[in-house]
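> Compute the structure for the input listed below.
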Amino acid sequence: MQKKISLNDALCGCQFVVKHLDGRELIVTTQPNDILEPDCIRGIRNEGMPIPDSPGAGGILFIKFQIEFPEDNFLKDESDYKCLEILLGGRPQTGPLPEGENVEEVSLMPYDEHRYEKRGRSGEVYQDDADEEEEEMSGGGGGGGTHNV
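Numbering: from 1, shown residues only. Coordinates of the predicted model:
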């Protein structure tokens with residue numbers, strides 16, 4: 001079975017009810033020290049399908065967890081993000097960022113699967129869309145480099 005839970009529940013633990021095929025209701029508890037990752041699977045012993053030739057014995061009832069992440073800008077104050085970062089253990093140390101003429105800072109954009117699936121050419125999709133987006137951002141057509149990834 002699959003179960004959707006919030007990121008808060010995945011990190012801090014939760015309780016929910018599973019209606020068993022035999023009519024019982026199982027109260028399932030996850031522990032705060034057992035962090036659930038997206039698409040992770042946990043099992044409940046003896047609550048799965050019956051085991052042939054073993055009266056009263058059941059297999060494992062598997063639950064696959066889908067984690068619902070919060071919407072963008074779910075915290076209203078910038079300082080709340082800093083507090084959350086601290087609560088989550090801070091950021092790992094990284095080396096110094098490169099500097100120089102051949103270094104450029106870029107931003108990520110959301111990926112729209114439906115927009116890109118219409119193109120049948122794998123390597124050229126990025127290049128074509130980079131040209132289109134550059135034209136949109138600059139307000140017109142003309143030049144513009146493409147990047148091969």
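
> Helix, strand or coil: sort out residue 16 for me.
State at residue 16, reduced to three classes by DSSP: H, G, I helix; E, B strand; the rest coil: strand.

> So it sits against residue 25, correct?
No - with contact defined as Cβ atoms under 8 Å, residue 16 does not count as touching residue 25 (10.4 Å). Every C-beta, even on glycine, is put in place using the N, C-alpha and C of the backbone.

> out of the two, which sits in the more crowded spot?
residue 16 (14 against 8; other Cβ atoms under 10 Å).

> Next up, the contacts around the residue most central in space within the chain.
What sits nearest the mean C-alpha location of the chain, by Cα atoms, centre = their mean, is residue 38, with 6.0 Å. Residue 38 makes contacts with 65, 66, 67, as judged by Cβ atoms under 8 Å, 6 or more residues apart in numbering.

> Is it correct that the first one is in contact with residue 36?
Meaning residue 65. Yes - with contact defined as Cβ under 8 Å, residue 65 reaches residue 36; the gap is 4.9 Å.

> Which neighbours do these two have in common?
Common neighbours of residue 65 and residue 36 (Cβ under 8 Å, 6+ apart) are 5, 10, 42.

> check contacts around the nearest residue to the last one once chain neighbours are set aside.
If I follow you right, that is residue 42. Closest residue to residue 42 apart from its sequence neighbours, by Cβ to Cβ, 6 or more residues apart in numbering: residue 63 at 5.4 Å. Neighbouring residues of residue 63 by Cβ under 8 Å, 6+ apart: 1, 2, 3, 18, 28, 41, 42, 43, 44.
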